[in-house]
Structure formats: C-alpha cells, structure tokens
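Trainee: show me the folded form of this:
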Amino acid sequence: MLRAIAQAAALGFTLILPAAAQSPMMMTPPWATQACEAWNKEAVLTGGLAESGWIKNDKGRGFKVMQLFRTDCAKKPTAELRVALKEGKAVCVYGGAVETATLDSDADYVMSAETPRWIEMGRGEYGPMRAMMFGYLEFSGPKLEAMGNMGPFSSFLLLVGKVPSDASRCPQ
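Mentor: Residues are numbered from 1 along each chain as shown. Modelled structure (predicted):
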C-alpha cells in the first residue's frame, strides 16, 4: 500500500513539475510578454483606458510605460509593459525586458510589491487602494490619473493572477 502511495505521489509530482517548468518566473521578461497578451484580452483595460483618456497621456511618445518588480527579489524593475493607442483602444504593444531607461513621472508608472502581496492582489483579495494605503504596493507615476482609473487599475492587478507564473524563486 505504501508503495502504491509513493508511486502515486511520484506520478503526481512529475505531472506538476512540467507545468511549473513551463510557467515563466513572475515579473520576468517572458512573464511580461504573457501579461501583455492577457492585457489585450481585457476590455476593461483596452476599452476603459481609452475611453477615460488615460492612454492619451503619453507625452507625445506614442506609448505609456509600466515597469514592475518584486521587492523581495530585486531593487529595480525587472519587467516592462508599453501601452499605446491603436484603433481607439489602449493596446499593450510590448511586454518584456526593461528597455525604457528614462521614465516620465507624469505619464509612466513603476509598481513594486513583495511576492506574496502580488499574489494576493492577483487573486483579488484586495485592490489598489487598499494595497497602496497599507504600503503593500509601492507606486510611482501620475497618482491622480491612476486614482481616476481604479476599475482598470484593479483589472491590471488581477492580471498577475491570470498569467501563469512561478513565484517560488527570484529571477537571476
């Protein structure tokens, strides 16, 4: 009986391991690529951020930048998303490595939190207001603009839970 349980446990482990191996580490360039794809499937983000005018505040560059990181893993952003106005929608046009060296604090965002907090926000346990109020989510960028878009901001945080990822270790 013990042997059968051990075999089942071993089989279960081998079934879980490949799935985890396929998921990128959270807040890495491969994760950002998938987050960008997920963004474009969310009407609250693509439509809501276009309708509110959020996407038009791009300082004439044609895109807004969001950089993200896990504070227990890094001291600076490890993933970047760029969003642009395309055919009347706020579309993610880039998800990957941090490439934008100089951000404009009147248009761009940097968000960071400890890994467990990102996971909690991704599950919808709380939204951006509570996260910022309790210091769970560090945030820099145009705060009034973000506060005027709390619905989309909440949807963005939920992407962390929708994009499969490995949060068990930090990027190297």
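Trainee: when you work out contacts or count neighbours from here on, use the C-alpha atoms and nothing else.
Mentor: OK.
Trainee: all helices of this protein, in order?
Mentor: Using DSSP state H, the helices of the chain run over residues 2-22, 29-39, 43-46, 48-51, 115-123, 128-133, 143-147, 150-162.
Trainee: could the ones you listed go into CSV alongside mean pLDDT, mean neighbour count and distance to residue 63?
Mentor: Below are the helices of the chain laid out as CSV (pLDDT from 0 to 100; neighbours: other Cα atoms under 10 Å; distance: least, Cα to Cα, whole Å):
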stretch, mean pLDDT, mean neighbour count, distance to residue 63
helix 2-22, 42, 11, 30
helix 29-39, 98, 22, 14
helix 43-46, 96, 20, 13
helix 48-51, 96, 19, 12
helix 115-123, 97, 19, 25
helix 128-133, 92, 15, 22
helix 143-147, 92, 13, 15
helix 150-162, 94, 19, 17
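Trainee: of those helices, which is nearest residue 94?
Mentor: Nearest to residue 94 among the helices of the chain is helix 29-39 (6.6 Å), distances taken as Cα to Cα.
Trainee: tell me what that closest one is packed against?
Mentor: On a contact count with 3 or more Cα pairs under 8 Å, 6 or more residues apart in numbering; DSSP states H and E, helix 29-39 meets strand 79-86, strand 89-96, helix 150-162.
Trainee: same list, these, but as JSON lines with distance to residue 142 please.
Mentor: Below are the helices and strands packed on helix 29-39 laid out as JSON lines (distance: least, Cα to Cα, whole Å):
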{"stretch": "strand 79-86", "distance to residue 142": "15"}
{"stretch": "strand 89-96", "distance to residue 142": "17"}
{"stretch": "helix 150-162", "distance to residue 142": "13"}
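Trainee: can you lay out the helices of the chain as TSV showing distance to residue 60?
Mentor: Output for these, formatted as TSV (distance: least, Cα to Cα, whole Å):
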stretch	distance to residue 60
helix 2-22	38
helix 29-39	21
helix 43-46	19
helix 48-51	16
helix 115-123	31
helix 128-133	27
helix 143-147	17
helix 150-162	22
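Trainee: among the ones you listed, which is nearest residue 69?
Mentor: helix 115-123 (8.9 Å).
Trainee: how far does that closest one sit from its chain's centre?
Mentor: 10 Å (Cα atoms, centre = their mean, to the nearest Å).
Trainee: which strands and helices sit next to that helix?
Mentor: Applying 3+ Cα pairs under 8 Å, 6+ apart, one finds that helix 115-123 contacts helix 150-162.
Trainee: thanks again, I'm all set now.
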